[in-house]
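**Student:** Okay, structure incoming, though there's no sequence with it:
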């Protein structure tokens, strides 16, 4: 059969409209931009606000205080075990809203595409975003697409911004931790970072670890039911639990003492971290929350967390102290105490 | 003096903290990220919501409908005659809100930095953003910074998302144009595109043309005072007036007939466009608006526009017709009629 022409294997870069990759014109605001929006973005994200296609979308918000947040996503590779940049972009922003006690409602999405990006890969990511948005109950109501020349970007960067409403009277913030509070984490640490590293070009190890990427608004709402018990909620993404607790310790002028033996880490993640010289406390998570909770009500919060699918491996891992304000430390399994400083940079660049 | 050591001219790349360029660690969520935020972003954007430094910012919104929008900015070069990516990023999003009749209130800002970017250039752009925000009366309440490796970005990309409130009862949208309406533009076309092109590497012409980059919410509010007269407002950015009018013609199922002789174009912009083979109707503007206005009240709207500093060269340039729905045409100075199609892509990539 080697002498047979296989027309289905033959592709022609012209006409441009059927070219399977992004070209500069897709970011030009003309016919190609319009086709990309109408054939790819609109069908995936469809909702009345977006379909208006004006310069901005007009939506209704329930009365009350509003939470706003933004995050850009530059993870490499774009698809990894357990997810893609698409789910990250939706869940990351949903989680930032949820961590300040807001009910996430609307997202905006900005895409920076590199010339040459495969349209099929873009379509996959956009479909994953749409699914994540549906599953988190948020609508993507405004979007923007820019294209940069080949070699001036890296495939695909996504920015999402989010809007949510905050219940009256609810105040959560990094400065609300008090001595005697307990530190609860909702599950194993380091899964996302290790899942991404396991497939990054040049690294020669493989695990079955999946990213923990998930929307945490349901779990957050669940523990906020324990009225007034939760003082601080954060999702330990870049810089891991170490960065998050250091920020809380400084903002609240308290100390944090962790029990290393109580911190849940998957054995495969532990092994990968040892191989790579990483500290699981510094590795990024994308579906975990840390809650600083009034000491006496920590058991009740823990029970509620464990009853939620995203909190089954939740654990009390330490407590807030009046001494050593601004510092985080851990009692090791050997009984020694080690400092957990704010990391200088990032052990794993482009993890989200 | 050649034998004297000039210590002020001597620089050492270590310690890293004094290195004058962005390193990957600035995006890591650790100490370097914190320093960048505390020394560069916070002092420029300072406001109570941002200083909380939580995952999201909580703000108050007046009751009513809310407009949401987002735009990413990838303009090259980062600084050009009359502005920089900083002013563009603020004014572009302020304008998208203003064009749907919203009062702009809050912005978020996401930065994607390329390793090696000069900190002084970033500081300049951030300072310009802060000034643009102050002058437009908006607060930048949430931000995010990511860093990508050298060669995987292009210096600096900025995404802004914006939130504004819309007056009760006000409905502006691309589908509200009616036959008999007049087309008014607020000033000369093409200034931004030509200003950016005039300094782009490889092009050998120079003009004194400045970008028209400006926040249009004041001008928009002014013409909305003529109660119910304005049916559609848009800012003709990428794709220029041609793209904007084609979108309106399609969405409203009407025709548009322009008078070429009535369209204000600066003679230097006209000359540059002829040299480069560009159509000023397709070149991006960053401080102009096009309003589709009820015919009988167009003179009143025009007068108000001309009384505003950003509308001094406003002109009625055409009208909405019932015939040729979906099509835009222009009567040339010679009396012929030429079609003004939706551009396919962009004549000038990375103009905003």
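**Tutor:** Good, I have the coordinates. These numbers come from a predicted model, not from an experiment.

**Student:** Could you report the pLDDT at the residue nearest the centre of chain A?
**Tutor:** Computing the C-alpha centroid of chain A and ranking residues by CA atoms, centre = their mean puts residue A:92 first, at 2.9 Å. As predicted, residue A:92 sits at a pLDDT of 98.

**Student:** Also residue A:169?
**Tutor:** As predicted, residue A:169 sits at a pLDDT of 87.

**Student:** Wait, a helix at it?
**Tutor:** No - secondary structure assignment (DSSP: H, G, I helix; E, B strand; the rest coil) places residue A:169 in coil, not in a helix.

**Student:** measure it to residue A:234 for me?
**Tutor:** In this view, residue A:169 and residue A:234 are 20 Å apart by CB to CB, to the nearest Å. Using the backbone N, CA and C atoms, a C-beta is placed for each residue, glycine as well.

**Student:** ok so, going back, for the residue nearest to the centre of chain A, which residues are in contact?
**Tutor:** Shown in contact with residue A:92 (CB atoms under 8 Å, 6 or more residues apart in numbering or on different chains): A:71, A:73, A:160, A:237, A:286, A:352.

**Student:** So which of those is the closest to chain B?
**Tutor:** residue A:71 (4.8 Å; CB to the nearest CB).

**Student:** Next up, the contacts around that closest one.
**Tutor:** Shown in contact with residue A:71 (CB under 8 Å, 6+ apart): A:89, A:92-93, A:96, A:159-160, A:352, B:110, B:144.

**Student:** Likewise for residue A:98?
**Tutor:** Neighbouring residues of residue A:98 by CB under 8 Å, 6+ apart: A:104, A:164, A:215-217, A:220-221, A:233, A:289.

**Student:** What about those residues, which are in strands?
**Tutor:** A:104, A:164, A:233 (DSSP state E).

**Student:** Redo the residues you listed as TSV? Include pLDDT, neighbour count and distance to residue A:33.
**Tutor:** Compiled in TSV, these are given as follows (pLDDT from 0 to 100; neighbours: other CB atoms under 10 Å in any protein chain shown; distance: CB to CB, whole Å):
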residue	pLDDT	neighbour count	distance to residue A:33
A:104	97	29	28
A:164	97	27	29
A:233	97	28	39
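
**Student:** from those, which are also near chain B?
**Tutor:** residue A:164 (CB under 8 Å from any CB of the partner chain).

**Student:** these two touch, right, residue A:40 and residue A:122?
**Tutor:** Yes - counting by CB atoms under 8 Å, residue A:40 does reach residue A:122; the two are 6.8 Å apart.

**Student:** Tell me which of the two has more neighbours.
**Tutor:** Counted by other CB atoms under 10 Å in any protein chain shown, residue A:40 and residue A:122 do not tie: residue A:122 has more neighbours, with 23 against 17.

**Student:** element containing the more buried one?
**Tutor:** Using DSSP states H and E, residue A:122 sits within helix A:119-136.

**Student:** Is that helix in proximity to chain B?
**Tutor:** No - Helix A:119-136 stays clear of chain B (CB under 8 Å from any CB), getting no nearer than 13.8 Å.

**Student:** for that helix, packing partners?
**Tutor:** Helix A:119-136 sits against helix A:42-45, strand A:79-80, strand A:83-84, helix A:85-99, strand A:102-114, strand A:139-148, strand A:156-166, with contacts defined as 3 or more CB pairs under 8 Å, 6 or more residues apart in numbering or on different chains; DSSP states H and E.
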